[in-house]
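Visitor: what follows is a predicted protein model with its sequence.
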2 protein chains.
Amino acid sequence: MSDFTNARGYPIGEMSKRTGVNIETIRYYERINIMPKPDRTAGGNRQYNHDQLKRLSFIKTSRELGFSIDEIRALLEMVDREDFTCGEVHGLTIGHLASVREKIKGLRKLEKALVGMAAECSQGNVPDCPILETLFQTRTRSKPALPT
Amino acid sequence: MSDFTNARGYPIGEMSKRTGVNIETIRYYERINIMPKPDRTAGGNRQYNHDQLKRLSFIKTSRELGFSIDEIRALLEMVDREDFTCGEVHGLTIGHLASVREKIKGLRKLEKALVGMAAECSQGNVPDCPILETLFQTRTRSKPALPT
DNA sequence: TCTTGCTTCTGTAGTGGCTACAGACCGCAT
DNA sequence: ATGCGGTCTGTAGCCACTACAGAAGCAAGA
């Protein structure tokens, strides 16, 4: 058990362990410029500092809350500029909340439709299935949103 | 207004109009073998028949219900083999229903978290934002599922 | 010092489910 | 014959990663 103090910096594996972000994903974040290029050892291995650890945590938490990379990029830009207002951040959050609610709505419709279909099914051994009949029905105008 | 009777067959654009599936997507479905290779005109343009129209409708409806391509492939294989039982289809549907419910659950957690964060925010003009503070918090063990 | 064995490196390609071109050809009406 | 829209193939891009291959770094033990 080695202890990584601030002084030495964290290798990428330690960053991964501490944040739960996959190593490959950390390098990916660097490539798309939401993580900065870290220092390197003499041999060329990445060495991260504590701020970078915090930043990666931020990204991870935000992703888990369903923010897209672009939304996170926007949040991080505000932070980096250091001139953001709380209202801006609130706006972004509310916008994201709305899209989450949209998704939930869509999925609930699906749920209903699936429950309805399954309920009609006798589950018997006969190859005469009301589910398939429903699926084969000619299409109507309606256009429920696909979940993404 | 031309009428496409069974005899002549439908060109791809007509298929697209009737099902709401994008032309490019129809060709994609052929490439991944969930739509059969249709007849061609002398000049090489696709000509679909009524069965193929029904099949495409089936796929579209199933996609709208959130079935993955692989699930649809499984359903279609049953249909093609003509030896499926209603129970099998029911099983697939129930399985899909479960995954839809999982997604809803995950999204509701997100919703709650976002609402909580937003509520704490004064929306003021000061750059001292409880939302960002939350996002910057050091990570815990918990690992809410990402919506996909 | 050398070896062992884990970690990390770069670069590229794959995932799902499409979508978006470019540049050529088809087919039908006038 | 001409014009114009529909269609063709093939390839590359989207998002957010993930999965390699093959080489090189690095720390601990013999």
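Guide: Looks like it arrived, so ask away. Numbering: from 1, shown residues only, chains lettered A, B, ... in the order given.

Visitor: make it CA atoms for all contacts and neighbour counts henceforth
Guide: Will do.

Visitor: what about the residue nearest the centre of chain A, which helix or strand?
Guide: By CA atoms, centre = their mean, the mean C-alpha position of chain A lies nearest to A:R63, the distance being 3.7 Å. Assessed by DSSP states H and E, A:R63 sits inside helix A:50-64.

Visitor: which SSE is immediately downstream of that helix?
Guide: The helix or strand immediately downstream of helix A:50-64 is helix A:69-81, counting by DSSP H and E.

Visitor: which other residues reach that next one?
Guide: Outside helix A:69-81, the residues within contact range by CA atoms under 8 Å, 6 or more residues apart in numbering or on different chains are A:I34, A:I59, A:S62, A:R63, A:F84, A:V89, A:L92.

Visitor: the fifth one: neighbour count?
Guide: In other words, A:F84. When neighbours are defined as other CA atoms under 10 Å in any protein chain shown, A:F84 has 19 of them.

Visitor: on the pLDDT front, check A:L56 for me.
Guide: At A:L56, the model reports a pLDDT of 96.

Visitor: list the contacts of it.
Guide: A:L56 is in contact with A:T19, A:M35, counting by CA under 8 Å, 6+ apart.

Visitor: repeat that for 10 Å
Guide: By CA atoms under 10 Å, 6 or more residues apart in numbering or on different chains, A:L56 lies in contact with A:15-16, A:18-21, A:26, A:29, A:34-35, A:50, A:62, B:136, B:138.

Visitor: by neighbours, which of these wins?
Guide: Neighbour counts for the contacts of A:L56 peak at A:M15, which has 24 neighbours (criterion: other CA under 10 Å).

Visitor: surely that residue is in contact with A:D51?
Guide: No. Between A:M15 and A:D51 there is no contact under CA atoms under 10 Å: 11.5 Å.

Visitor: overlap of the contact sets of these two?
Guide: The contact sets of A:M15 and A:D51 overlap at A:S57 (CA under 10 Å, 6+ apart).

Visitor: would you format the contacts of helix A:69-81 as CSV with distance to B:C129 and pLDDT included?
Guide: Output for those, formatted as CSV (distance: CA to CA, whole Å; pLDDT from 0 to 100):
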residue, distance to B:C129, pLDDT
A:I34, 20, 95
A:I59, 16, 96
A:S62, 15, 93
A:R63, 19, 94
A:F84, 9, 83
A:V89, 8, 90
A:L92, 13, 90
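
Visitor: just checking: which of those residues also lie near DNA strand D?
Guide: Among the contacts of helix A:69-81, proximity to DNA strand D is found for A:R63 (CA under 7 Å from any atom of the strand).
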